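Novice: need the 3D shape of this:
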Amino acid sequence: MQTEVNKRRAQRQKKARRRRLKTAFIFFLIIALLTLAIMCFTVFFPIKRINVSGSEIYSKSEIIKASKLSTDDNLLVVSEDEIENNIRKSLPYVDSVKLKRVLPDAVILTVTDAKEYAYYQSGDSYFILSDSGYILKQQQQTPENVFQIVTSGIEGEVAQKAVYKNNTEEQLVNTLIAALNQREINIDKIDISNILQITLEVEGRFTVVLGTTDYTQEKIAHLAGMIESITDRRGKINLSMWTPTNSQGSFVEEDS
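Specialist: Below is the predicted model of the structure:
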């Protein structure tokens with residue numbers, strides 16, 4: 001009987017030792033993994049090579065300097081968003097930056113240049129925008145080869161995103177641009193400073209009165225048809241009274 005008791009006690013002690021060994025192994029494994037992780041983010045994978053491609057405006061050295069990347073940085077820690085923000089602050093004609101890590105020590109930056117797309121006027125200055133809505137440049141001369149946006153107000157500084165004083169106006173501008181581009185209508189000017197009397201200038205020869213925001217998409221579709229039918233003439237197109245039940249637009253030719 002005593003032998004059986006001793007045998008069971010020995011088995012329990014053996015199981016307890018196994019549990020302690022297993023616990024100790026798991027503990028030291030976690031410590032080892034944490035140590036390895038810390039070293040990966042501090043000691044291992046230092047950046048030694050930075051390659052840049054894509055930009056036709058800025059040089060490789062300008063982009064690397066603006067990125068603030070250095071050989072002191074860790075390959076696994078660098079942030080794509082932070083690098084893009086750093087570059088755009090110094091080099092506003094950068095539209096986007098894609099970062100690729102190449103183990104063990106290289107970073108590849110693929111840059112997309114921003115293109116001048118539109119402009120707005122504030123005081124005596126003109127601010128040129130990219131199609132992403134960032135302010136590329138401030139100048140005193142009227143910009144060329146880009147269309148004008150007129151609203152109740154837009155604010156911002158170079159290298160920052162333009163901020164509309166009225167969010168509804170920003171949405172409306174984007175809606176109009178998308179609709180006109182879809183119909184392949186060349187834009188010269190979008191004026192929504194009077195939300196009840198929205199006007200456009202398009203194709204270098206038409207002033208278009210859309211009126212209110214009602215049926216915007218349908219009015220643009222109708223406008224595309226009118227432009228196609230009006231050949232070699234300039235003038236004013238009025239779609240302010242357009243509705244699904246009154247789908248008419250008027251054209252008054254400009255005096256030569």
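Novice: C-alpha from now on. contacts and neighbour counts both.
Specialist: OK.
Novice: ok, Ser55 - how many residues close by?
Specialist: Ser55: 18 surrounding residues under other C-alpha atoms under 10 Å.
Novice: from Leu91, how far out is it?
Specialist: Ser55 is 11 Å from Leu91, where distance means C-alpha to C-alpha, to the nearest Å.
Novice: same check, this time on Leu176
Specialist: For Leu176, the distance to Leu91 (C-alpha to C-alpha) stands at 29 Å.
Novice: for the stretch 51-200 of the chain, what spans make up the helices?
Specialist: 60-67, 80-90, 167-182 (DSSP state H, counting those that start in this stretch).
Novice: Throw those into a markdown table and include distance to Thr112, thanks.
Specialist: Below are the helices of the stretch 51-200 of the chain laid out as a markdown table (distance: least, C-alpha to C-alpha, whole Å):
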| stretch | distance to Thr112 |
| --- | --- |
| helix 60-67 | 12 |
| helix 80-90 | 11 |
| helix 167-182 | 22 |
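Novice: any chance of those helices in JSON lines, plus distance to Thr142 and mean neighbour count?
Specialist: Formatted as JSON lines, the helices of the stretch 51-200 of the chain follow (distance: least, C-alpha to C-alpha, whole Å; neighbours: other C-alpha atoms under 10 Å):
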{"stretch": "helix 60-67", "distance to Thr142": "28", "mean neighbour count": "17"}
{"stretch": "helix 80-90", "distance to Thr142": "24", "mean neighbour count": "18"}
{"stretch": "helix 167-182", "distance to Thr142": "20", "mean neighbour count": "14"}
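Novice: could you dump these to JSON lines with mean pLDDT and distance to Phe251?
Specialist: Formatted as JSON lines, those follow (pLDDT from 0 to 100; distance: least, C-alpha to C-alpha, whole Å):
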{"stretch": "helix 60-67", "mean pLDDT": "94", "distance to Phe251": "51"}
{"stretch": "helix 80-90", "mean pLDDT": "92", "distance to Phe251": "45"}
{"stretch": "helix 167-182", "mean pLDDT": "95", "distance to Phe251": "19"}
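Novice: do you know which of those helices lies nearest Asp113?
Specialist: Across the helices of the stretch 51-200 of the chain, Asp113 has its closest neighbour in helix 80-90 (10.4 Å, C-alpha to C-alpha).
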